[in-house]
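**Student:** could you work out the structure for the sequence below:
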Amino acid sequence: MRWSFALFLRETVTVVCSSCCLEDNNNRESLAVEFDSEFSELIELAYKGALEDYPWKSFLSRMRQLLEADLAAIFLQPPREGARLVMLIDGGVETGIDSYEQGLYNIDPFVDLPEGEVKTVRELLCPEKLKQSEFYQRCMESNDLADFMGGDMSIEGEFDGRFRLGRYSNRPHFSLRDKEVCQAVLPHLKQAILFHAQSNRLISERDLYAHAVQQMALGSILLSEEGRILGSNKVASDILRLQDGLSAQQGKLHLGSASRNSQLQQTVTRLLSAQRMGECSSIEAMRISRPSGRSDYGLIIRAIPLSQWSEGRRVPSVAIFVSDPESESPASIDVVTQLFGFTPTEARLALALANGLSVDEASEKLSVSRNTTRTHLRSVFSKAGVTRQSLLIRLILKSVAPLAAIEDSLSDR
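**Tutor:** Here you go, the predicted structure:
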């Protein structure tokens, strides 16, 4: 590339040739087009990177190509003792990357750069001091790295990020032009990382609440304004898969009969109309019978409040919560034991009763006699501070015990 980033002022870019003055207007226009095209591509990739499965992979690869670098890296979380290192990298030598992650970052002199300013390692350390440093001898020299360039980006309370580029010894050191390219891109990369951090926080909160609903044995289904299914949690997906009064057909929720489908559509239309009129969000309920003869499903339907700037065709407009009276509590025996001081056997009995079994059925499930079960039940009542089976069941179901499986569910993402 012959162009360089020279000046950014009021969204105007002055392009100067790094080797000679351009006297021909046609050449000057051609060069500007080349510049605009490649710079626009970098900016697009910087923002697109926040949405990639491996964040900023395309951006790092393109930066390496344009600046003829052998290594490009983004630190989303700087290396600190005892903290998780989050480093996205393209290029480099695997052994060198591993050694850096395993502790060489502690002796890295190319840190704590002035906020938003691109620097090269040779601006911070003269060549003699650099070659005498432990980092050069243990990391750079052993991996044939000769030069580094980069900048630091941080927003208080959000993230501390770093962007780094490296070259092997067979290449020239980074030039002023290289710095200008990096400097021009850095603010956009910082903004993209901020979007990524805020989006991740929202996704984590959403997943936590969604799993809390799931662990309470509630199915949730999100519908568009046209009634199309946009998403559902595992409980709802399992219910729809049974096709026992509720099913998904051609992307829409089907309630088993034309009259029920019409009733649902009228309810959705009424709720959305009320919301558009600025009325308080209301909730409507339905019972859905099941061809199998099992207990009816209960449905709660409500409009989802939209933000002022909601856009797109896949914005959820309606939430439907589904309860199955015959579903069992997902509460864990260990958690119930810790909460109420039950023995493991007492915890199993309490959960069996909470899941709708009678004392006789619980005895059979636990493989103990009815008298033994009643002895355990008296102990359970005493420890739980209740005197009736109905109060015990309510206590178990309203406790935090059903939420105990959330951590395991989230770790599977």
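
**Student:** where do the strands sit along the stretch 301-413 of the chain?
**Tutor:** 318-323 (DSSP state E, counting those that start in this stretch).

**Student:** where in it is pLDDT low?
**Tutor:** Counting by pLDDT under 70, the stretch 301-413 of the chain has low-confidence residues at 307-314, 329-330, 402-413.

**Student:** same thing with the chain?
**Tutor:** The model of the chain has pLDDT under 70 over residues 1-35, 78-84, 93-107, 215, 280-281, 307-314, 329-330, 402-413.

**Student:** how's it carved up into domains?
**Tutor:** The record's domain parsing of the chain by automatic domain parsing lists 5-202, 218-323, 333-411.

**Student:** put together TSV for the ones you listed, with distance to residue 208 on each row.
**Tutor:** No exception for glycine: its C-beta is placed from N, CA and C like everyone else's. Converted to TSV, these look like this (distance: least, CB to CB, whole Å):
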stretch	distance to residue 208
domain 5-202	11
domain 218-323	13
domain 333-411	7
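
**Student:** distance to residue 212 and mean neighbour count for those domains - can I get that in TSV?
**Tutor:** Converted to TSV, the domains of the chain look like this (distance: least, CB to CB, whole Å; neighbours: other CB atoms under 10 Å):
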stretch	distance to residue 212	mean neighbour count
domain 5-202	16	16
domain 218-323	9	15
domain 333-411	6	16
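
**Student:** so which of those is nearest residue 211?
**Tutor:** Distance to residue 211, taken as CB to CB, is lowest for domain 333-411 among those, at 4.7 Å.

**Student:** run the chain-centre distance for that closest one.
**Tutor:** 35 Å (CA atoms, centre = their mean, to the nearest Å).

**Student:** ok, now stretch 322-341?
**Tutor:** In terms of CA atoms, centre = their mean, the centre of stretch 322-341 is found 28 Å from the chain centre.

**Student:** how long is that stretch end to end?
**Tutor:** This stretch, stretch 322-341, spans 33 Å end to end (CA to CA, to the nearest Å).

**Student:** residue 210: which of the domains of the chain is closest?
**Tutor:** domain 218-323 (5.8 Å).

**Student:** residues contacting the residue nearest to residue 295 when sequence neighbours are not counted?
**Tutor:** Setting aside the residues directly before and after it, residue 295 is nearest to residue 325 in space (CB to CB, 6 or more residues apart in numbering), at 4.2 Å. Counting by CB atoms under 8 Å, 6 or more residues apart in numbering, residue 325 touches 295, 296, 298.

**Student:** redo that, cut-off 10 Å
**Tutor:** Neighbour list for residue 325: 217, 294, 295, 296, 297, 298, 356 [criterion: CB atoms under 10 Å, 6 or more residues apart in numbering].

**Student:** one more: residue 66?
**Tutor:** 1, 38, 39, 41, 42, 178, 181, 185.

**Student:** helices of the stretch 1-150 of the chain, start to end?
**Tutor:** Here the stretch 1-150 of the chain has its helices, by DSSP state H, counting those that start in this stretch, at 25-48, 57-67, 94-101, 121-124, 127-132, 134-135.

**Student:** picking that back up, got phi/psi on the residue nearest to residue 295?
**Tutor:** Main-chain dihedrals, residue 325, degrees, to the nearest 10: phi -60, psi -20.

**Student:** report the separation between it and residue 301.
**Tutor:** Going from residue 325 to residue 301 by CB to CB, to the nearest Å gives 18 Å.

**Student:** got it, and residue 258?
**Tutor:** As judged by CB to CB, residue 258 and residue 301 stand 18 Å apart.

**Student:** how close does the residue nearest to residue 288 when sequence neighbours are not counted get to residue 255?
**Tutor:** Using CB to CB, 6+ apart and skipping the chain neighbours, the partner closest in space to residue 288 is residue 297 (4.3 Å). Using CB to CB, one obtains 9 Å as the distance from residue 297 to residue 255.
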